[in-house]
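Asks: Structure of the sequence below:
(4 chains, ligands or ions: 6)
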Amino acid sequence: MNAPDSVVTDYLTGLESSHREVIEFDLNSRIIQRKTTPPRPKVGLISGGGSGCEPMHCGYVGYGGLDAACPGEIFTSPVPAQIMAATERANMGKGVLYIIKNFGGEVMNFGLSAEIMKRRGIEISKVVVNDDSSFPLAQVDRRRGLGATILVEKIAGAAAERGDDLAQVTTIASKVITNSRSFGVAFNSCTTPKVGHPNFEMPEDEFDVGVGIGGDRGHSRTKMVSADNIADILLERPSVELNIASGSKIILLISGLGSTPSIELYTLSGIIQSKLALKGAESIRTLVGNFITSLDTFGVIATFLVADEELLELYDCPINTPALRWGI
Amino acid sequence: MNAPDSVVTDYLTGLESSHREVIEFDLNSRIIQRKTTPPRPKVGLISGGGSGCEPMHCGYVGYGGLDAACPGEIFTSPVPAQIMAATERANMGKGVLYIIKNFGGEVMNFGLSAEIMKRRGIEISKVVVNDDSSFPLAQVDRRRGLGATILVEKIAGAAAERGDDLAQVTTIASKVITNSRSFGVAFNSCTTPKVGHPNFEMPEDEFDVGVGIGGDRGHSRTKMVSADNIADILLERPSVELNIASGSKIILLISGLGSTPSIELYTLSGIIQSKLALKGAESIRTLVGNFITSLDTFGVIATFLVADEELLELYDCPINTPALRWGI
Amino acid sequence: MKTSAILSPLIAQNWLEEFSKIVISLEDHLNELDAAVGDGEHGSNLSNGAKALLQGFPNFKSRTLGEFFEDAGMTIINSVGGASGALYGTLFLRLSDVTSNYQEADLTLISQAFDSSLSGIMELGRVKPGDKTLVDALEPAVTSMRASVKNSENLLTAMIKAHYAAELGCSSTANMEARKGRGSYQGDRSIGHIDPGATSMAALFGALSNTISNYFPH
Amino acid sequence: MKTSAILSPLIAQNWLEEFSKIVISLEDHLNELDAAVGDGEHGSNLSNGAKALLQGFPNFKSRTLGEFFEDAGMTIINSVGGASGALYGTLFLRLSDVTSNYQEADLTLISQAFDSSLSGIMELGRVKPGDKTLVDALEPAVTSMRASVKNSENLLTAMIKAHYAAELGCSSTANMEARKGRGSYQGDRSIGHIDPGATSMAALFGALSNTISNYFPH
Ligand SMILES: Nc1ncnc2c1ncn2[C@@H]1O[C@H](COP(=O)(O)OP(=O)(O)O)[C@@H](O)[C@H]1O
Ligand SMILES: Nc1ncnc2c1ncn2[C@@H]1O[C@H](COP(=O)(O)OP(=O)(O)O)[C@@H](O)[C@H]1O
Ligand SMILES: [Mg+2]
Ligand SMILES: [Mg+2]
Ligand SMILES: [Mg+2]
Ligand SMILES: [Mg+2]
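Replies: Numbers count the residues shown, from 1 in each chain, chains lettered A, B, ... in the order given. Ligands and ions are numbered 1, 2, ... in the order given. Sure thing, here's the model as predicted:
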C-alpha cells in the first residue's frame, strides 16, 4: 500500500510521531536521534543500515540504546552524509562507536565516514557484527550481521549509559559479537516496493536455509519439515560454534522476518529452549517478536548469546526505545 | 510449519518458557496465569478467545494486566471449563471481571461460566467489548470486540492493581469501551492450520473493508488505494462516532493482523496522526505493532480511544506482560 | 412393529457414537464450509467434541436418560468451544432437563425435549429461523416431530421425517444472508454458501434416524 | 582527426549526464537483475545518484577536471548508498586524484586515472576479478585502455574498445559464482545471472565512448 518513492520517509515520519517522547526524525540529515540528551556526557553509539529491516535500527534509538541511527533506502546502506551527521549528533566528547553489520555497503560507507570524522577530530571506534553462522568459518567474510546487532546495541548501550569509556564500550560490544551466533530460514521471498513482485519464487513445500536480511536467498533450499526439525537447523551451527553445553546461560532472540505470526515464533522458541535444556544449557532471557526483519519475509532468525554475569547485568539495565523497553 | 493438532499447546509452551518470570501455563486447565500473586488481594481480571490472535490474550497476562487468560483452539472461543478454572485462579475474594469480546462463542461461553461461578459464590462482573465500528449502530449486535480489548485489559488492569473494587473496575472498563472505536482492513485471507489454504481468494489489487479477527471477510471489498486513502477509511467511522474534534486526546493503537511489516504500520500511524492533527485532535499515546492479530493476515486495525485524565493516568501506570511492558 | 420404539440411554449413546463418527469423517468438509462463511473450524470444533464423547462414554456415571444427556451436554460444552459448543451443549442439557425423570423416552417426550432444545438455543444464541444458523436445520425437524406426534406416527417414521426436514432446512440456508455468527460479518456475501452448523445439525438427525432404524427396523 | 581528442570538465559532465540518463532508464532492469542475485535495488540506488548528479551539476563549484570528479564522486557517495555508492564514488574520487593537476586529460592520463580507480575499488571492496562484481566490467576496460595507450590509438578508438571490453566482461559474469556482495549469500545459485553492478559499469563506458564520439567524430 506504500508509495515506493517515499516509503522510507513516510515510515520515519510515522515512527517519530508514534514515539515523540523518545526519538526525533531529522528530515534534513535523514537520521533518527534521541529526543533528550543523556543526563551526562557519554560515549555515543550509532548504527545504520538498509530500511526494510524494521525496527532495526531506528527502533533501538533511545535511553540505554543508540544515540542515532541512519536508515538507508530499502535494503541499501546509508550514505556517509547521514553517518557523519549521526556521528556529530552522537558525539558528546567521549567518542563514538559505530555498530556495523558485515554487509559490504555498510562496511564501506561507515568506513569512509570514520576516516573523515577522525580527520575532523572525533574519536571513532568500530565493531563489525558477523554473528551469521550459515557460512563456514573459512568464509568468515561472508558472515552477515544479524540478530546479535540488537544485543550489541542493547548491551553496549547500557555500558555507555553507565559511563564506560570508548575502549570499554568497544570491548563489551566485541564480547557480545564473539559470544553470539545466528541462523536464519525463510519460507518465501519478500517483495521490495520498487520491484513489486517477490524476488524469487519459492515452491510451497520448500524453504531456504541460511538466510539473512535484505531478501537474499539462503545458501541452500530444503523440503519443508516440521517445527522440530527447523529448530534443529537453527540450533545446530550456533551451538557447535558457541560450545553450548551444560551450564551455558543463553540470551535467546527469536525474530520473525516480517510476516511470521507470533504463534509460530513462540512455538519455535519453546522447542529451541527445550533442546537447549536437553544440553543442560539455560535460556535465561528470551525475546520473541519482530526485532530484525526483511520486509514481508515469512521466516525466522534465531540468535544465541552466551552471557556471563557482566553481559547479563548490562542486558537487564533499563532501556527505553520504540522497539525495546523495560525497567523504565 | 506448525503441526495443526498441537499448534495451540506448542505456542503456550513456548510462551511460558519465553516469559517465565511473568506467566505460567497450566497445561491441565489450559490457561495462562500470572506467575506471582499480586502484592495484595485485588479484583481479578480474565479474558479469553480463539487462538490465532496472538499476543491476545495470553500476552497481556501479568502485573497491571490480566490475572489469567483462556486461549481457545484456533479461532474458537474457550470452553467453560477453562473459563471457570481461570475464574478460580483470578479470584482473590474481591470478585472477577470478565472481559468478553462480542463474538457469539465468547458471549455464550463466558455467559454460561458466569452463571455457574456465581452459583459457586464468586462475584462476577462482565463487560462486552464491541468497539468495531464497521457496522452501523442499528446492527450494534454485530460489532465485534477488536483493539479496544487490549486497552480495556491495560487500563482496567491498572485500576484493579491500584485497589479499585469490582464495581469501580467495571465502570472503568465500560468507560474505555464507550470511548473506543476500531476499524480494520485486510489485503489477504489468512490460512488456518487445519484448512491449509487461504479461506478465500483476494485479487491482488483489492482489499476487504471492515474486517475483524478470525479470518472473516470484511463487509465489502474495494479496489486498492493509497496509504492515505486507507488512513481515511480507518479514521472515518471512528472519528464520527467518537466525535473526534479540536482538543480530543486520543490513545491510538495501530495493530497489524499478523503479517503486516512494521514499516507499513508506522506509515499508516504517521498519516492517521497528521489527519487527527488536522482536526485539532492529538494522539497523546501511540502503540504500533502486532497487538491483536489474525494468524498471517496482511491487514491492520486502527483503534481510537478518547482519553480523559483518569484513563490516561491508568494507561501510564506500570505494566509487565509478555506483550506490553513499561514503567517496570 | 416388532416392539414399541423408544429412546433408552443405550440407544441414545449409540446415536451419539454414530453422530461422533460422522462428525469426525466430515471434519474437513465442515471446516471448508466454515472457511467460506466463517472462520474455518466448525469441523475441528465438533470433532474435538466427538472425540471427547467417544472417550468419555465409558466413564459416564449416568443411569437415566436425563443423566446421560447431561453428561453428554457437559462433555460437549467443555470440549467444542466456539458458538457451536455452547449451542450443541445447550441442546443436550435441555434434552436432559425434559427427560430427567424418565428411564427412556417415547416420541411424545422426545418431541417435547427437542422443543425445549430449540427454545434454549434460540434464547442463548439470540437467534431465530432465517438467520442462517443451525436453527434452520433444527427448527424444521422439531416442527416435523410435532406433526408426527399429532399424527401418532411411529418413532422411526417420525425420525426419518425429522431428518429429511433438517436436510431440507440445511439446504435452504444457501439462500440466506447470515445475521448471526461469524458469517454475519460479510453481509450478503454469505449468500450462496450452506451454513456449516446447519449441516452438522442435519447430520445429528441423520444419526438419530439411522440408530433408531437399527434398533427398530420396519 | 579533426582535433586532438581530450577529456575536459565540460565533456566529462556530458559523459555523466549521458550516464545518468541511461541509468534512470535502466532503473527497473537493474533492479530486476539485482532481485535475481541480490536485494533488488541496484537500479534504484544508482538512479538516486543519477538524479543527484543531474540536479547537482549546475551548482558544482569545480573548474578543473580534478575538481569536477571530486564533486561528482562526493555527490554519488552521498546519494547512492549500498556497496555500489561507495564503489562508484571511489571510482570518481580516484579519477579526481590522478587528474587533479590537469585542466583536461588525454588517453594516457585517462588510462592512468582508471587504473587508479580499479585499484581503489579492489581495495575498498576487497574484491578481485572473477568475484562477479562491477570489477569484472571495469578491469577489462582498464586493460583495454592500457593496450590502447601502448598502441598509441586515438581516444575515440580506445574508448570504443574499452566499452566493448566492459560489455564482454559484464556478460562473462553470468557464468561466475558471486563471492562478494549480496549475491555471494546464495552460493552457486547466483550462476546463470548477470551481475547488476557489472551491467551498470559497462553502461558507464558506453556513455563515455558515446560522448567522446559526439565531440570527436572519426
Ligand atoms: N448466535 C448463534 N445462534 C445459533 N447458531 C449460531 C450462532 N452463532 C453461530 N451459530 C452456528 O454455529 C456455526 C459455527 O460454529 P463454529 O464454527 O463451531 O463456531 P464459531 O462460529 O464460534 O467459529 C454456524 O455455522 C452457525 O450455524
Ligand atoms: N565488495 C564488492 N566489491 C565490488 N563490487 C561489489 C562489492 N559488493 C557489491 N558490489 C557490486 O555492487 C553491486 C550491487 O550494488 P547495489 O545493489 O547498489 O548495492 P548492495 O549490494 O549494497 O545492495 C553488485 O552487483 C556488485 O557489482
Ligand atoms: Mg542493498
Ligand atoms: Mg470460531
Ligand atoms: Mg467457526
Ligand atoms: Mg543491491
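
Asks: Okay, buried residues for the helix of greatest length in chain C please.
Replies: Assignment by DSSP state H gives helix C:196-215 as the longest helix of chain C. Residues of helix C:196-215 classed as buried: C:196-212, C:215 (neighbour count, 16 or more other CB atoms under 10 Å in any protein chain shown). The C-beta positions use only the backbone N, C-alpha and C, and glycine is treated the same way.

Asks: Any part of that helix near ligand 1?
Replies: Yes - applying CB under 6 Å from any ligand atom, one finds helix C:196-215 touching ligand 1 at C:196-198.

Asks: residues from chain C in reach of ligand 2?
Replies: Counting by CB under 6 Å from any ligand atom, chain C has no residue next to ligand 2.

Asks: err, chain A, not the other one
Replies: Residues of chain A lying near ligand 2 (CB under 6 Å from any ligand atom): A:75-77, A:104-105.

Asks: So which elements touch the helix or strand A:I250 falls within?
Replies: For A:I250, the host element (DSSP states H and E) is strand A:249-256. The contact analysis (3 or more CB pairs under 8 Å, 6 or more residues apart in numbering or on different chains; DSSP states H and E) places strand A:249-256 against helix A:148-162, helix A:262-278, strand A:282-289, strand A:299-306, helix A:309-316.

Asks: okay, those in a markdown table with mean neighbour count next?
Replies: Compiled in a markdown table, these are given as follows (neighbours: other CB atoms under 10 Å in any protein chain shown):
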| stretch | mean neighbour count |
| --- | --- |
| helix A:148-162 | 27 |
| helix A:262-278 | 23 |
| strand A:282-289 | 20 |
| strand A:299-306 | 27 |
| helix A:309-316 | 16 |
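
Asks: Same list, those, but as JSON lines with distance to ligand 4 please.
Replies: Putting these into JSON lines (distance: least, CB to the ion, whole Å) gives the following:
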{"stretch": "helix A:148-162", "distance to ligand 4": "36"}
{"stretch": "helix A:262-278", "distance to ligand 4": "15"}
{"stretch": "strand A:282-289", "distance to ligand 4": "25"}
{"stretch": "strand A:299-306", "distance to ligand 4": "27"}
{"stretch": "helix A:309-316", "distance to ligand 4": "40"}
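
Asks: could I get the ones you listed as TSV with distance to chain C?
Replies: TSV is the format used below for these (distance: least, CB to the nearest CB, whole Å):
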stretch	distance to chain C
helix A:148-162	35
helix A:262-278	14
strand A:282-289	25
strand A:299-306	24
helix A:309-316	39
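
Asks: D:K132: which of these is closest?
Replies: Across the helices and strands packed on strand A:249-256, D:K132 has its closest neighbour in strand A:299-306 (25.1 Å, CB to CB).

Asks: Buried residues, the helix or strand where A:T171 lies. List them.
Replies: In this assignment (DSSP H and E), A:T171 forms part of helix A:166-178. Neighbour-count burial for helix A:166-178 flags A:166, A:169-177 (criterion: 16+ other CB under 10 Å).

Asks: Mind telling me which residue of chain A is nearest ligand 6?
Replies: Using CB to the ion, the point where chain A gets nearest to ligand 6 is A:F75, with a distance of 6.3 Å.

Asks: For that residue, give me the pLDDT.
Replies: A:F75 is assigned 94 on the pLDDT scale.

Asks: mind listing what it touches?
Replies: By CB atoms under 8 Å, 6 or more residues apart in numbering or on different chains, A:F75 lies in contact with A:50-52, A:192, A:214-215, D:39-41, D:82.

Asks: can I get the residues you listed in CSV with secondary structure, neighbour count and distance to chain B?
Replies: CSV is the format used below for the contacts of A:F75 (DSSP: H, G, I helix; E, B strand; the rest coil; neighbours: other CB atoms under 10 Å in any protein chain shown; distance: CB to the nearest CB, whole Å):
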residue, secondary structure, neighbour count, distance to chain B
A:G50, strand, 28, 11
A:S51, strand, 24, 7
A:G52, coil, 32, 7
A:T192, coil, 27, 11
A:G214, coil, 29, 14
A:G215, coil, 33, 12
D:D39, coil, 32, 15
D:G40, coil, 33, 15
D:E41, coil, 33, 14
D:G82, helix, 34, 18
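
Asks: Let me have the residues you listed in CSV, extended by pLDDT.
Replies: Listed next are the contacts of A:F75 as CSV, based on pLDDT from 0 to 100:
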residue, pLDDT
A:G50, 96
A:S51, 97
A:G52, 96
A:T192, 84
A:G214, 85
A:G215, 81
D:D39, 89
D:G40, 90
D:E41, 93
D:G82, 94
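
Asks: ok, the residue nearest to A:K101 when sequence neighbours are not counted - how many residues close by?
Replies: Using CB to CB, 6 or more residues apart in numbering or on different chains and skipping the chain neighbours, the partner closest in space to A:K101 is A:G145 (2.7 Å). If you count neighbours by other CB atoms under 10 Å in any protein chain shown, A:G145 ends up with 29.

Asks: Torsion angles phi and psi at A:G145?
Replies: phi -90, psi 120 (degrees, to the nearest 10).

Asks: for A:R325, phi and psi?
Replies: phi -150, psi 130.

Asks: Roughly how far does it sit from D:G130?
Replies: The gap separating A:R325 from D:G130 is 48 Å, by CB to CB, to the nearest Å.

Asks: Can you give me the pLDDT of residue 151?
Replies: Since no chain was named, I'll use chain A. A:L151 is assigned 98 on the pLDDT scale.

Asks: The chain in question should be chain C.
Replies: For C:N151, the pLDDT comes out at 97.

Asks: now the helix or strand of chain C with the lowest mean pLDDT, how far from the centre of its chain.
Replies: Taking mean pLDDT, DSSP states H and E as the measure, helix C:27-37 is the helix or strand of chain C with the lowest mean score, a mean of 94. Relative to its parent chain, helix C:27-37 has a centroid offset of 18 Å by CA atoms, centre = their mean, to the nearest Å.

Asks: Does it reach ligand 4?
Replies: No - counting by CB under 5 Å from the ion, ligand 4 is not contacted by helix C:27-37; separation bottoms out at 7.8 Å.

Asks: quick one: buried residues of that helix?
Replies: C:27, C:30-37.

Asks: can you list contacts of that helix?
Replies: B:192, B:194-195, B:199-200, B:215, C:23, C:40-44, C:46-47, C:132, C:178, C:182-183, C:186, C:190, C:193-196, C:199-200.

Asks: okay, it in CSV with CA atoms only?
Replies: What follows is helix C:27-37, C-alpha atoms only, in CSV (Å, rounded to 0.1, in the frame of the first residue of the first chain):
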residue,chain,number,x,y,z
GLU,C,27,-14.3,-32.6,9.8
ASP,C,28,-12.6,-31.3,6.7
HIS,C,29,-15.8,-30.7,4.8
LEU,C,30,-17.3,-28.7,7.7
ASN,C,31,-14.1,-26.7,8.0
GLU,C,32,-14.3,-25.9,4.3
LEU,C,33,-17.9,-24.8,4.7
ASP,C,34,-17.0,-22.7,7.6
ALA,C,35,-14.0,-21.2,5.7
ALA,C,36,-16.4,-19.9,3.1
VAL,C,37,-18.7,-18.1,5.6
